[in-house]
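**Q** Mind looking at a prediction? Sequence and model below.
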Amino acid sequence: MNLIKTLLLATIISFSSQISASTDNPSDNLKSVTEQIETYLKFSEVKVYDDVIVNIKFKINENNIIIIISSDSNNYDISKFIKTRLNSKKLSINKTNNYRFYSIPVKFKATVK
């Protein structure tokens, strides 16, 4: 009887380790999205007088294209810059991703002193 319990336990442990090894890590996918957003927003020509953190909310459609939903910036130029640079841009992410809506904080450093 102990032999059957031991074999059953060993089988369960081996199957559970295979299942957990095949799951995707959503933080890796989010990191990839963040890095791609960063490259699209580099080299801003917007004048920023103080450091600002802007939360950008967007979704990704079935073709992995960014659709900006909102940005919480009070500065019109920053909001326009974000929409111009990010709207309709394609991301390369894993198709099995279930996360369709994102919110990413972006820090704009002061360019004018």
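**A** Nice, thanks for sending it over.
**Q** and residue 72, how many neighbours does it have?
**A** 12 (other Cβ atoms under 10 Å). Using the backbone N, CA and C atoms, a C-beta is placed for each residue, glycine as well.
**Q** My error: substitute residue 37 in the last question.
**A** Residue 37: 20 neighbours (other Cβ under 10 Å).
**Q** Can you tell me the element it falls in?
**A** Using DSSP states H and E, residue 37 sits in helix 26-40.
**Q** What pairs with the helix or strand just after that helix, parallel or antiparallel?
**A** Once the chain leaves helix 26-40, the next helix or strand it forms, by DSSP H and E, is strand 52-60. Applying DSSP bridges to the sheet, strand 52-60 is found paired with strand 66-71 (antiparallel), strand 101-108 (antiparallel).
**Q** quick one: average confidence on the shortest one?
**A** Think strand 66-71. Averaged over strand 66-71, pLDDT sits at 90.
**Q** which of the residues in that strand are buried?
**A** The neighbour-count check on strand 66-71 (16 or more other Cβ atoms under 10 Å) flags 66, 68, 71 as buried.
**Q** Check the last one too.
**A** Neighbour-count burial for strand 101-108, with 16+ other Cβ under 10 Å as criterion, is recorded at 102, 106, 108.
**Q** ok, and what's touching that strand?
**A** 30, 33-34, 37, 41, 44, 46, 48, 51-60, 69, 78, 82 (Cβ atoms under 8 Å, 6 or more residues apart in numbering).
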